[in-house]
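>>> Sequence first, then the predicted structure:
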Amino acid sequence: MGRLAGSLALVALLAGAGIAGAQQYVTPGGDQYFQVEYEAASGPRGPHVTGYVYNRGDNAADNVRVLVETLDARGAVAGQSLAYVTGVIPINGRRLFTTAVPRGDAYRVRVVNFDWVGRGGGPYPASSASTASCTRPFVASAAPE
């Protein structure tokens, strides 16, 4: 009986870990530190979103990830793409991102993760736990061409 209970507990634990692993975590405070401009377009390889992330914070930002949500006609999320912003975004600077996306009626783009880079003291994580969610999009949705 003890072995069966232990096996059931392990199965329940693993099932819960699978659910938790599917959650999208968002770094808190992103809306006050970053501005996102983007454009949706269709090219020979299909639809894509390209844009810039502007750093309005007091430190350079590294490991910046952008979530692009594809929206249907009702505004419901129909798909997601994750884009990595290459390189460090300096204070008051910007960096380009681009990602392939599913075809949709509109798109919503927001910064979901970042690490602050210290001023001369080396990198240090600002919010690497990234467990709070952002309650509003950073930029209004843009309709594809």
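Thanks, I have it.

>>> Going by C-alpha atoms from here, please, whenever you check contacts or count neighbours.
Fine.

>>> OK, contacts around V66?
V66 makes contact with 82-85, 109-113, according to Cα atoms under 8 Å, 6 or more residues apart in numbering.

>>> Select from those residues the one having the most neighbours.
The residue in the contacts of V66 with the most neighbours, by other Cα atoms under 10 Å, is V111 (28 neighbours).

>>> circling back: tell me the one of the contacts of V66 nearest A76?
For those, the minimum distance to A76 (Cα to Cα) is 13.8 Å, reached by V109.

>>> And the closest one, how far from V117?
23 Å (Cα to Cα, to the nearest Å).

>>> about what we covered before: in strands, which of the contacts of V66 fall?
82-84, 109-113 (DSSP state E).

>>> Hmm, D105 is touching A76, no?
No - in this structure, D105 is not within contact of A76 by Cα atoms under 8 Å, at 10.1 Å.

>>> show me where pLDDT drops low in this structure?
Within the chain, the segments meeting pLDDT under 70 span 1-30, 119-145.

>>> all helices of it, in order?
2-21, 30-33 (DSSP state H).

>>> With neighbour numbers in mind, choose between D105 and A76.
For D105 and A76, the more surrounded residue by other Cα under 10 Å is D105, and the numbers stand at 17 against 11.

>>> residues making contact with stretch 76-90?
Under Cα under 8 Å, 6+ apart, the answer for stretch 76-90 is 53-55, 59-72, 95-102, 104.

>>> Now, of those, which are buried?
53-55, 59-62, 64-71, 95-102, 104 (16 or more other Cα atoms under 10 Å).

>>> Would you map the strands across this protein?
Using DSSP E, strands in the chain cover 34-43, 46-55, 60-71, 77-84, 94-100, 106-117.

>>> now what about the second one, what contacts it?
Spelled out, that is strand 46-55. By Cα under 8 Å, 6+ apart, strand 46-55 touches 33-42, 61, 68, 85, 89-103.
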